[in-house]
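In: only geometry, no sequence info:
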């Protein structure tokens, strides 16, 4: 979800993108309640899973007969309280081994993911997919080295990982007061360049490019037979779409419509609980409506404050009930759309 860059001062973190994420980071949830280790998908849809993970005893959520999720209850920045666990990971148990989609913010979290997988199967992790380059989705890679896993992502994501990876390890260490440890860096080596289908242990998988919708090199993973899609940060659940300074709003809208046409039964986002295609339609609609209002206002020389007022007047009644963070993040959404030059 994010990327960091340090200045020469050891106490100053300069964020490469602000606004939406900074707002999210202030809404950390500090009191967790205990839950059973395995939770059904139906129950999760009704009630979020909160767990006390002082030792990273991750609860595993059963999504289907061979698909599982590890859902982080923390939505925001890495902190001493959440120990850097602020993003979801998912895994598929195949005939030949386990495929993991996103490995978390640290090698320690990656190890905890392995421990959680072992509560479901004793099969080894053979494949690791990194949805994109933001550090909370791939810094756990090194935990899977000993399993001999194949690490899969895209060239654009690898470029950003190499540029910021070591700084991100240091940033997360400081932000969590050492809780993330000093993760080793393991980059993906199998780099996808276009939409592709592949068999993983008897499971048909399709990798879909978002064309830099959220960040350069984003990929989604689609299981056509089970109609399950793994979205990384391209797809959202109960919060507004995650826009970044290096994303592409028109492309995000297009990607959401493409995913909508697939009509997935289950949507697994990078943050938040599993959801359905209704969330994808909702996100595509609000982004298109905000984009149209912003374009009209910009063409007429209207200030961003006035455009924001118009957006709220036109959209709040319908969309405020659909997003937990509508009031806190609609201004950021408008600002990002206004700044988008695509």
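Out: Received it, and whenever you're ready, just let me know what you need. Because the structure is a prediction, the values reported are computed rather than measured.

In: low-scoring stretches of the stretch 201-342 of the chain, by residue?
Out: Where the stretch 201-342 of the chain drops to pLDDT under 70, the residues are 341-342.

In: my guess is residue 225 contacts residue 205. True?
Out: No: Residue 225 is beyond contact range of residue 205, at 9.9 Å (criterion: C-beta atoms under 8 Å). Every C-beta, even on glycine, is put in place using the N, C-alpha and C of the backbone.

In: and the strand or helix carrying residue 254, what's buried?
Out: Following DSSP states H and E, one finds residue 254 within helix 249-262. Residues of helix 249-262 classed as buried by neighbour count (16 or more other C-beta atoms under 10 Å): 249, 251-253, 255-256, 258-260, 262.

In: if you count contacts, what does it end up packed against?
Out: strand 203-209, strand 219-223, strand 228-232, helix 277-299 (3 or more C-beta pairs under 8 Å, 6 or more residues apart in numbering; DSSP states H and E).

In: rerun at 10 Å
Out: strand 203-209, strand 219-223, strand 228-232, helix 277-299, helix 326-339 (3 or more C-beta pairs under 10 Å, 6 or more residues apart in numbering; DSSP states H and E).

In: what residues are up against the closest residue to residue 287 other than its chain neighbours?
Out: Excluding its sequence neighbours, the residue lying closest to residue 287 (C-beta to C-beta, 6 or more residues apart in numbering) is residue 253, at 5.0 Å. Contact analysis of residue 253 by C-beta atoms under 10 Å, 6 or more residues apart in numbering lists 213, 241, 283-288, 291.

In: those residues: which two are farthest apart?
Out: Farthest apart among the contacts of residue 253 by C-beta to C-beta are 213 and 285. That separation is 15.7 Å.

In: which of the two has more neighbours?
Out: Set residue 213 next to residue 285 and count neighbours by other C-beta atoms under 10 Å: residue 213 wins out with 26 against 18.

In: and that one, helix, strand or coil?
Out: coil (DSSP: H, G, I helix; E, B strand; the rest coil).

In: related to what we said a few turns ago, make TSV from the buried residues of helix 249-262 and add distance to residue 272 to it.
Out: Formatted as TSV, the buried residues of helix 249-262 follow (distance: C-beta to C-beta, whole Å):
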residue	distance to residue 272
249	20
251	22
252	17
253	20
255	18
256	16
258	21
259	16
260	18
262	20
